[in-house]
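can't give you the sequence, but here's the structure:
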């Protein structure tokens, strides 16, 4: 049996699949290596932390921080940050359209967004956005909603 956290992460990936497919992008969760030029554009999902915020009775309220990164390389007609931004906009919309993820999530909030443009083999851009997801579990069982 998986934790509620894992179910939420699976739901995030499922919500982002149509976005990646529509953009011709690779979708990966916590890839162990960097994205190659051939794998660009890409949409990456990284769970960063999961903190306990409250313990009312036999329930635990938690904040899961997830980083979504849109990665793109320049084309003959578009700058990489334009492609990555468009991918991130679509991902953001998809997350907020499924805001409670089948009743698993109490709240979804965007925390911040950054830009990183690098010169490599071709100009590349990575735009990471961080989201805070609030959810509850039982104190004694993190696989059960609280």
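Sure, I can see it. Note that this is a predicted model, so its numbers are computed, not measured.

so where's the chain shaky on pLDDT?
Residues of the chain meeting the criterion pLDDT under 70: 115-122.

and with 80 instead?
34-38, 56, 99, 113-123 (pLDDT under 80).

So which residues of it form strands?
26-29, 42-54, 59-73, 107-113, 116-119, 123-138 (DSSP state E).

quick one: buried residues of the fourth one?
Going back to what we said before, that points to strand 107-113. Residues of strand 107-113 classed as buried by neighbour count (16 or more other C-beta atoms under 10 Å): residue 108. All C-beta spots, glycine's among them, are computed from the backbone N, C-alpha and C.

Give me the helices and strands touching it, please.
helix 80-97, strand 123-138 (3 or more C-beta pairs under 8 Å, 6 or more residues apart in numbering; DSSP states H and E).

Same question for the last one.
In terms of contacts (3+ C-beta pairs under 8 Å, 6+ apart), strand 123-138 is packed against helix 4-23, strand 59-73, helix 80-97, strand 107-113, strand 116-119.
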